[in-house]
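J.: this is the structure alone, sequence omitted:
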């Protein structure tokens, strides 16, 4: 913008210097700012969550992205595009080894992702709350037809258009049960750009292992704000988990193939890639009820078998989603706290402040859904547990009560939802008020 305008640049720099010298000479109080050289970041890096997630998609093996632009997720696919041009281009002939499609709307984009996943490619879309609403019909198709798909939801304030440039964690219930009918979807909750990279890559393994849509739940705060974080670890020997895929050799040997047959008892059936065998392993993919061999059926027992198997598969997912992390207090704690995602930095600072005031809190960071048993055990070991989240309706608390069968009388909500990132001060104030109201006063013996 200022190239070739040396006189203008020089005049502005001189004006800045004059203003600085005048301030030093005439302002009544000293300037409380100074510039010092510092190198305390070590090997940590500056990166935003969208860029990290885009790179995580490359690392996770994604070759297809279909999307429709929406704040605050647009820069994620833009980052993925730039990484693909660098890492997914044939060095010999310059041919692209990827497909990135800007669709006409969100429903079309998730449809393309499902088609690519059915065909054996690793595919994803990135969107925000309004996009999730529009995608719900096809999300149900992927769930019921059991097709891998990764959906990165960079959450913003809702409902409707809401606050496009503000942050919230208000899509949990919408994503956990997306689509009509009985559905339950796997969700991952990264806390920073490093986990955006790691959990996005992991989402592709989970989607193929479980043959289902997997949501990566970030938000505007993580996605668009640059943060200092640990380096992203890239392993050239990283192997993908493609899940249960029947091979040509197995089909050729006459092994029985039922696309929706639970032969291992974990709810996960075997699948085939299109074209694996010229005469065996084919099936009709449908969103309607079917029997174990993918044949159309409206028989009640066939329907019940399928939906119960899907529920069994969701329970199996507990073994694969990241386990929660415990932050124990230095002293025995009467209170516990559960939190997730971008709330993490403020929560960890708040724990230190609370401890300095004599309020000791054990904390558990949830990283995935379905919930493992450790969460219910954590709640059971404390009289009161704060659930800290950034939405109005206590959506994580609702999931904990509904899905982990936790006694809601033990849970106390700390809710922040004005669109700005939650702060340690807010958490400290809320927990301090709750703690003061629940101070145990010992009974005094009265002698008459």
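T.: Happy to help now that I have it. Values in this document were obtained by computation on a predicted structure and should not be read as measured data.
J.: could you give the bridge partners of residue 362?
T.: Counting by DSSP bridges, residue 362 forms beta bridges with residue 336.
J.: residues contacting it?
T.: The contact partners of residue 362, by Cβ atoms under 8 Å, 6 or more residues apart in numbering, come to 326-329, 333, 335-337, 378, 382. Where you see a C-beta, it was placed from the backbone N, CA and C, and this is true even at glycine.
J.: ok, so of those residues, who is nearest residue 403?
T.: The closest of these to residue 403 turns out to be residue 378 (Cβ to Cβ; 14.7 Å).
J.: those helices in the protein, which residues are they?
T.: Along the chain, the segments classed as helices by DSSP state H run 6-26, 49-59, 74-87, 106-118, 129-145, 172-176, 193-210, 220-224, 248-252, 300-316, 344-356, 373-380, 395-403, 424-437.
J.: looking at those helices, which is nearest to residue 68?
T.: In terms of Cβ to Cβ, the element of these nearest to residue 68 is helix 106-118, at 4.9 Å.
J.: distance between that closest one and the chain's centre?
T.: 19 Å (Cα atoms, centre = their mean, to the nearest Å).
J.: next one: stretch 86-96
T.: Put simply, stretch 86-96 sits 30 Å off its chain's centre (Cα atoms, centre = their mean).
J.: just stretch 161-175 next, same as before
T.: Once both centres are worked out by Cα atoms, centre = their mean, stretch 161-175 turns out to sit 13 Å from its chain's centre.
J.: show me the shaky parts of the chain.
T.: Along the chain, segments meeting pLDDT under 70 span 1, 29-32, 38-40, 440-448.
J.: how does it divide into domains?
T.: Taking automatic domain parsing as the criterion, the chain consists of the domains 46-229, 325-437.
J.: and those domains, which is most packed in?
T.: Mean neighbours per residue, mean count of other Cβ atoms under 10 Å, is largest over the domains of the chain for domain 46-229, with a mean of 22.
J.: can you give me the end-to-end span of that one?
T.: Terminal residues of domain 46-229 lie 7 Å apart, using Cα to Cα, to the nearest Å.
J.: what's near enough to touch residue 333?
T.: Applying Cβ under 8 Å, 6+ apart, we find residue 333 in contact with 360-362, 382.
J.: let's see it at 6 Å
T.: Neighbour list for residue 333: 360-362 [criterion: Cβ atoms under 6 Å, 6 or more residues apart in numbering].
J.: state the distance from it to residue 238.
T.: For residue 333, the distance to residue 238 (Cβ to Cβ, to the nearest Å) stands at 38 Å.
J.: thinking again about what came up before, JSON lines for the helices of the chain, including distance to residue 234?
T.: Conversion of those to JSON lines gives the following (distance: least, Cβ to Cβ, whole Å):
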{"stretch": "helix 6-26", "distance to residue 234": "40"}
{"stretch": "helix 49-59", "distance to residue 234": "6"}
{"stretch": "helix 74-87", "distance to residue 234": "10"}
{"stretch": "helix 106-118", "distance to residue 234": "24"}
{"stretch": "helix 129-145", "distance to residue 234": "29"}
{"stretch": "helix 172-176", "distance to residue 234": "28"}
{"stretch": "helix 193-210", "distance to residue 234": "9"}
{"stretch": "helix 220-224", "distance to residue 234": "20"}
{"stretch": "helix 248-252", "distance to residue 234": "32"}
{"stretch": "helix 300-316", "distance to residue 234": "29"}
{"stretch": "helix 344-356", "distance to residue 234": "23"}
{"stretch": "helix 373-380", "distance to residue 234": "30"}
{"stretch": "helix 395-403", "distance to residue 234": "32"}
{"stretch": "helix 424-437", "distance to residue 234": "33"}
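J.: do you know which of those helices lies nearest residue 161?
T.: Distance to residue 161, taken as Cβ to Cβ, is lowest for helix 129-145 among the helices of the chain, at 7.1 Å.
J.: give me the contact list for the closest one.
T.: Under Cβ under 6 Å, 6+ apart, the answer for helix 129-145 is 70, 106-107, 110-111, 114, 149, 153, 158, 171, 174, 178-179, 183, 212-213, 285, 287.
J.: got the angle for that helix vs helix 300-316?
T.: Orientation of helix 129-145 against helix 300-316 (axes from the mean of the first three to the mean of the last three Cα atoms, to 10 degrees) gives an angle of 120 degrees.
J.: show me the strands in the stretch 151-300 of the chain, by range?
T.: 186-188, 213-219, 226-229 (DSSP state E, counting those that start in this stretch).
J.: partners of the shortest one, with directions?
T.: Strand 186-188 has these partner strands in its sheet, going by DSSP bridges: strand 213-219 (parallel), strand 368-369 (antiparallel).
J.: what about residue 185, distance to residue 374?
T.: Between residue 185 and residue 374 the distance is 21 Å, computed by Cβ to Cβ.
J.: again, but for residue 3
T.: Distance, residue 3 to residue 374, using Cβ to Cβ: 58 Å.
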